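[1] next one to model:
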Amino acid sequence: MSKTTRHAGEMLAYTLNGKRPGFHDVPQLYLQLHTADPGADGNQAAHELAYPGYQRIAVPRADGARAAWRIDDNTATNLAAITFARYSGPIVQVRALSLGTAASGPGRVLRRMVLEGTGETLSPQQAPHFEPGDIQFSET
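    Model (predicted):
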């Protein structure tokens, strides 16, 4: 549920100096799956799960009726179910989920969520799925 180092610095600069973050005008963000934590300085491609048909899930940045997130106090949770393409490889552990700026390639990770324990086991023909409220990003 952590911010990356760069994102934390941009939020401080925005809060204290009024400097807009580099992703300010990006209309949507992207969720991606990782086999390991991409880390505080990682990018979206770091340990990203890859298989035929896989693609990052676009999440609009909107408010009101189009909002993709519910924000209560300091925690944002997903309002809709998120389902990735059906997996086609051997059994693998998904250990992290992140929110970034690019539809593909080594874009910027803004937030990351390490899955509890050893993560989620992903079997062939299973579609990675998160129910509303399963994804949480907190501000501390």
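[2] which residues touch the residue of the chain most remote from its centre?
    Relative to the C-alpha centroid of the chain, counting by CA atoms, centre = their mean, Asn17 is the outermost residue, at 26.7 Å. Going by CB atoms under 8 Å, 6 or more residues apart in numbering, Asn17 touches no other residue. C-beta here means a position set from N, CA and C on the backbone, and glycine is covered the same way.
[3] any idea which helix or strand comes after the lowest-mean-pLDDT helix or strand in the chain?
    Least confident helix or strand, the chain: strand 2-3 with a mean of 75, by mean pLDDT, DSSP states H and E. As assigned by DSSP states H and E, the chain's next helix or strand after strand 2-3 is helix 5-17.
[4] CA atoms only for stretch 2-10 - export them in CSV, please.
    Provided in CSV are the C-alpha atoms of stretch 2-10 (Å, rounded to 0.1, in the frame of the first residue of the first chain):
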residue,chain,number,x,y,z
SER,A,2,3.1,2.2,-0.3
LYS,A,3,3.9,5.2,-2.5
THR,A,4,7.0,4.9,-4.5
THR,A,5,9.9,7.2,-3.6
ARG,A,6,9.4,9.5,-6.6
HIS,A,7,5.6,9.7,-6.0
ALA,A,8,6.2,10.6,-2.3
GLY,A,9,8.6,13.4,-3.3
GLU,A,10,6.2,14.8,-5.9
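[5] and the least confident helix or strand of the chain, which strands flank it?
    Strand 2-3 pairs in its sheet with strand 109-114 (antiparallel), by DSSP bridges.
[6] please consider this matter closed, and thank you.
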